[in-house]
Every structure is written in structure tokens, then in C-alpha cells.
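>>> requesting a structural model of the entry that follows:
(one chain, ligands or ions: 1)
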Amino acid sequence: MKRNIRLGVFGFGCVGQGLYSVLNQTRGIRAEIKKICIKHPDKQRPLDASLFTTNRDEILNDPEIDVIVELISEVDAAYEIVATALKNRKAVVSANKKMIAEHFPELLRLQQQYQTPFLYEASCCASIPVLRNLEEYYDNDLLTSIEGILNGSTNYILSHIFENNKNFDEALKDAQQLGYAEADPSLDVDGYDAKYKLLIILLHAFGILLKPADIFNYGIGRIKDADIRYAREKNARIRLIARCAKSNSHVYAYVMPAFVQQADTLNKVNYEYNGLLIEGAFSEHQFFMGKGAGGNATGSAVLSDISALTYDYRYEYKKLQQQLNLAYSCNHLLEVFVSYVPGAKPPCEDFSSISAVHESVDFNYLIGTINLEKLMQSAWVNNPSVSILLTCNG
Ligand SMILES: NC(=O)c1ccc[n+]([C@@H]2O[C@H](COP(=O)([O-])OP(=O)(O)OC[C@H]3O[C@@H](n4cnc5c(N)ncnc54)[C@H](OP(=O)(O)O)[C@@H]3O)[C@@H](O)[C@H]2O)c1
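You can find the predicted model right below:
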């Protein structure tokens, strides 16, 4: 694109305002916001009212607008906006991981059919550049695993528990008061947000396209005070880990809380930060860390996508094209720590091996290896009296 890019923005909340702010502070990109579509016309805005509309067609049908930037909180409306924009052959930038994870096949088809780019770097780890790196830099490397802390809210809660001696409820309340957790925190706390991001990463890393239900997610909401005490005694902390990895010709993936040793790289990722460990057969371990939430941090990734559109960048989905012949399979053994109240002990036969059982008046746990497929199918996993964490060897 030769002239200034004209942007039609949907959403002027945390990320929309962050984008506005970073766009006004950077000189390197020739882009201007022509219109912003919001939901509530009566809300006080810091900008002139003429910039705002509640009529999405005013943006989607404007021939002067080149790029649609979708930054709204709703999923169905976001998909309708993105799909219409692509059909109108307008390039799209989005940060909406849930919408992308739930509609990935249609979004791939629309990009192909209308030959129009759709970029979504900010959807995965906010400020950390992941997707373009996986597409371009790691194109020829033999990626073996990607593991990380992909959710800022849960990482804030867990950091607060371990750094400031809080219990789970206190830490959640503080995170909500500071705006790091939603009033309804279940998407974050139950591991769904991290799972949506992992699903997107899986496509760009290994060429594997999944539905959200294919990936096991076990959040941090069932972690008990006794589990936290156990972690402290072992000089470890608890982190919510999202992992996808290659094992021979298959790839497995999951989101689970894990004990992490003090010396582990991911232990350096605190509060609202995200961290990503990428392992390749030749590049070996590489570590990315950055803010996983926040207006300016996320806005900077959105701006980077807008900038990439100025040189006609689009995802080629290289790993899909390369036909790596990798199959997705949850047939993979994990070492887990399972704590339970009396009467809720999981059946021993579900485990391939059990290396420790501790039963006392106030704390019961076992440590064993279990197949990820078995975890996904077992009813006891959903018992609120049980909590499951990956061990440090998990
Ligand atoms: N916050 C972060 O740090 C972060 C990080 C990475 C990715 N994301 C993603 O970025 C997106 C936006 O998040 P956010 O935190 O900025 O949300 P937010 O603060 O809740 O703001 C949402 C904005 O979307 C507008 N909106 C909602 N439904 C709409 C509709 N149907 N039509 C038009 N506008 C609509 C709202 O309008 P009103 O102003 O009128 O209410 C508001 O301006 C989400 O997909 C989120 O998952 C957020």
C-alpha cells in the first residue's frame, strides 16, 4: 500500500484505546483511524464523538477504509465483522483468540477464497511476537516443543499467592480489583483462554488444526491451600502451563497447572507477564517473555500487524502447506500429583504407575503417571474435591 492506510476499528476498550495511543506515538507507520465502531453510544469517550459509530456497515462498506481492526469483547459479533470484512476484501487484524479458535476452519477458507490477509499476533501472547516468528523464523527448523505461560490473569493470581503469601480467593480478588482478572474469571481460571492461544500456536508451529474440545484444559480453580503448602515445602511454585510438543510422528497438547522449580526459566515469568519456551532440534531452547495483557502492550502487537500489512504480509500457513505428516494424539504419559479428600481417591487402575501415596488426617495425595487420553475421559477429573498438577518431571 503506497498511501496512508485508513483503519476502521471495532472496539474502543482496553486494546482499542491502547492501539490509538501507540499509533499516535509512533512515526514509522503511515496509518490513520477513520472510524471506530463501539457498542454503547452513551459512554464517555476521550475523543470527538464524530469518530464513533454504532453502525458496523459504516465501516465495513466504506471503500476508503483499507484495514479492519477487530478489538471487541464479543465472539459472535466479532466473527460476523471479520467474515464480512474478508468477503469485502478488506484486510483484517484481530486480537480475539476465542473467536479465532472457534472459527479457525472458516477463517482459513475465507482468507483463501477472497485472497485477503487476516493477521492476529496480539491474540496469542499480547506483546510477545510469536506467530510471525513461528511462520517465518522457525520455517525450516525442526520445532520440537512450545511451552509457556500464556495467560496473564492466572499468572498474576499464582504469582501473588507465592510472592505475597495470599490464598487463592484473596489473590483472585486483588487481581479483579487491579483489572487483571474479569468479574467472571472462569475463562482464564479454568484454562480456556490459554487453550485458545495454544490452539492458534499449534497451527503455526506444527500445521495442526484443532477444535477447542480436542485440547485438555485443567485450570487453577481447584488448587487447594494444602497443594500450595506442598509446593512451598518442595521449594517450587505453581504455574498454569500450556504445552504442545512433538513425540515421534505425533503431537500432543494440554493446559494444566504444574509445579515449577525455583530455577526453571518459567519461574522468572511473574504477575501479568507471559513467557514462551520454544525448542527446536537445532536451535535448542529459546525463551521469550513480555507483557501478556494491557492496552499499550497489546496495542503494540496490533500495530505491528498493521505495519506488516503495509508490506503485503500475510500468513502462508507454511506448516500446513509443508504437510509435516504429524498426527494429533493425546496418547502421551504425564507424571501428575493428585490431591483429594477422603473418599475421592482416583482409581489406581487409571494410572500406568504410582510412585507415592500420602494419606493423613488433613492431606491426601498420590503421584503417578497417567495417559493424557485417560485424563480426558475420566469422570473423577471433574470432581471439585480433587486437584491435579503436573509434577516437575511432568
Ligand atoms: N485486554 C487485554 O489485555 C487483551 C490482550 C490480548 C487480547 N485481548 C483481546 O482483545 C479484544 C478486546 O479486549 P479489551 O480488553 O479491549 O475489551 P474491552 O475493554 O471489554 O472493550 C471491548 C470494546 O468492544 C466494544 N464492543 C463490544 N461488543 C461490540 C459490538 N457488538 N459491536 C461493536 N463494539 C463492541 C465495546 O464497546 P463499548 O465501549 O461501547 O462498551 C468496547 O469498546 C478481546 O478479544 C480480547 O480477548 C485483550
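>>> show me which residues of this structure sit near the ligand.
Residues of the chain found near the ligand (C-beta under 6 Å from any ligand atom) are 10-16, 37-40, 43, 71-74, 77, 95-97, 122-123, 126, 293-294, 298. Yep, even glycine has a C-beta here, placed from its N, CA and C like the rest.
>>> where in the stretch 201-350 of the chain is pLDDT low?
Across the stretch 201-350 of the chain, nothing is flagged by pLDDT under 70.
>>> assumed I354 was part of a strand.
Yes. The secondary structure assignment for I354 places it in a strand, going by DSSP: H, G, I helix; E, B strand; the rest coil.
>>> give me the nearest residue to it, chain neighbours excluded.
Across the structure, with C-beta to C-beta, 6 or more residues apart in numbering as the measure, the residue nearest I354 apart from its sequence neighbours is G368 (3.9 Å).
>>> also M256?
Y218 (4.8 Å).
>>> so what's the one you found up against?
By C-beta atoms under 8 Å, 6 or more residues apart in numbering, the contact set of Y218 is G191, Y254, V255, M256, P257, L375, V381, I388.
>>> where helices are concerned, which of those residues count?
When DSSP state H is applied, these are split such that L375 fall in helices.
>>> need the contacts of Y218 in JSON lines (columns: neighbour count).
Compiled in JSON lines, these are given as follows (neighbours: other C-beta atoms under 10 Å):
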{"residue": "G191", "neighbour count": "28"}
{"residue": "Y254", "neighbour count": "25"}
{"residue": "V255", "neighbour count": "27"}
{"residue": "M256", "neighbour count": "24"}
{"residue": "P257", "neighbour count": "25"}
{"residue": "L375", "neighbour count": "22"}
{"residue": "V381", "neighbour count": "18"}
{"residue": "I388", "neighbour count": "21"}
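>>> the residue in the stretch 1-150 of the chain that the ligand sits nearest to: how many residues sit nearby?
Closest approach between the stretch 1-150 of the chain and the ligand, counting by C-beta to the nearest ligand atom: G13, at 1.8 Å. A count of neighbours around G13, defined by other C-beta atoms under 10 Å, yields 14.
>>> burial measure for the closest residue to it other than its chain neighbours, as a count.
Ranked by C-beta to C-beta, 6+ apart and with sequence neighbours excluded, the top spatial neighbour of G13 is S73, at 6.5 Å. By other C-beta under 10 Å, the residues close to S73 number 14.
>>> so S73 makes contact with F12?
No. Counting by C-beta atoms under 8 Å, S73 does not reach F12; the two are 11.1 Å apart.
>>> name the single longest helix found in the protein.
In the chain, taking DSSP H as the definition, the longest helix is helix 97-114.
>>> contacts for it?
Outside of helix 97-114, the residues that reach it under the criterion C-beta under 8 Å, 6+ apart are 70, 75, 78-79, 82-83, 86-87, 89, 94, 116-118, 120, 123-124, 187, 192-193, 195-197, 199-200, 203, 209, 212, 314-315, 317.
>>> strands paired with the helix or strand following it, and their directions?
The C-terminal neighbour of helix 97-114 among helices and strands, as given by DSSP states H and E, is strand 118-119. According to DSSP bridges, strand 118-119 has the following sheet partners: strand 91-94 (parallel).
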